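>>> Sequence first, predicted model second:
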Amino acid sequence: MEGEGNERKFILSFSSEEPYERYWGKEILDHNPAAVDLTRLNSIGVLLFNHNRDKVIGRINRAWIENQRGMAEVEFDADESSEVIFQKVKSGTLKGVSVGYKIGVIEEVMANKISTDGRFSGPCDVAREWMPYEISIVSVPADATVGVGRELKGNPQAPETLSCFEAQLQINKNRK
């Protein structure tokens, strides 16, 4: 993360194509610009602390894809609770970043097979269409390559996450 002078703005990376081990197997977020719908982040995106929707600490000024990574310029709010997190980020104590997202389309790549675009080896699930909901400053990130924990935190059975995934798995099973 880079701060710009004494401003409350930082440029950070919030996602990558690094495989993330889920309970069902590896998940990869495709970072081709057509795969990532940044509309929500760029229109109403917020910066949270540890994915807590009640702890809004700032806003997302802009988000984009660069070198197969999700990038964003974020700006911290000046209220008391945001200031605490801002100071920890500014001092380097908190470096972790994570993203909450929803997957629209998954490509299931079987063991010893290659994805349709030839970029990923199975077994894995490649998110071919996905939408980030929020970016979080986190104390314990999952993806060390960008400090990103790439999942919608909270209840692992959240319908907005798994129903879409389960529906796509059923579609993939029916195609075999």
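Structure's in. What do you need?

>>> measure the one residue sitting closest to the centre of the chain to V105 for me?
Centroid-nearest residue in the chain: V99, 3.0 Å away (criterion: Cα atoms, centre = their mean). Distance check for V99 against V105: by Cβ to Cβ, to the nearest Å, it reads 18 Å. To be clear about C-beta, it is placed using only N, CA and C from the backbone, and glycine gets the same treatment.

>>> cool, H51 as well?
H51 is 23 Å from V105, by Cβ to Cβ.

>>> Neighbour count: the two, which is higher?
H51 (20 against 15; other Cβ atoms under 10 Å).

>>> The residue nearest to the centre of the chain pairs with what?
Beta-bridge partners for V99, by DSSP bridges, are I135, R150.

>>> right, and it touches I137 too?
No: at 11.3 Å, V99 does not count as touching I137 under the criterion of Cβ atoms under 8 Å.

>>> shared neighbours of the two, anything?
Residues touching both V99 and I137 by Cβ atoms under 8 Å, 6 or more residues apart in numbering: none at all.

>>> From V140, how far off is K95?
As judged by Cβ to Cβ, K95 and V140 stand 11 Å apart.

>>> of the two, who's got more company?
Neighbours were counted for K95 and for V140 using other Cβ under 10 Å; K95 has more, 14 against 8.

>>> and the gap between the more buried one and E129?
Counting by Cβ to Cβ, the gap from K95 to E129 is 29 Å.

>>> now do E21
Counting by Cβ to Cβ, the gap from E21 to E129 is 22 Å.

>>> Give me the more crowded residue out of these two.
Shown here are E21 and E129; by other Cβ under 10 Å, E129 has more neighbours (17 against 10).

>>> Who are the contact partners of that one?
With Cβ under 8 Å, 6+ apart, E129 has these contacts: 35, 37, 103-105.

>>> One more pass at 6 Å, please.
Residues in contact with E129, defined by Cβ atoms under 6 Å, 6 or more residues apart in numbering, are 35, 104-105.

>>> where does the protein have its least confident helix or strand?
helix 159-175 (a mean of 42; mean pLDDT, DSSP states H and E).

>>> mind listing the helices for the chain?
For the chain, applying DSSP state H gives helices covering 39-44, 80-91, 159-175.

>>> Could I get the phi/psi values of D30?
phi -60, psi 130 (degrees, to the nearest 10).

>>> how much space between it and E18?
Distance, D30 to E18, by Cβ to Cβ: 12 Å.
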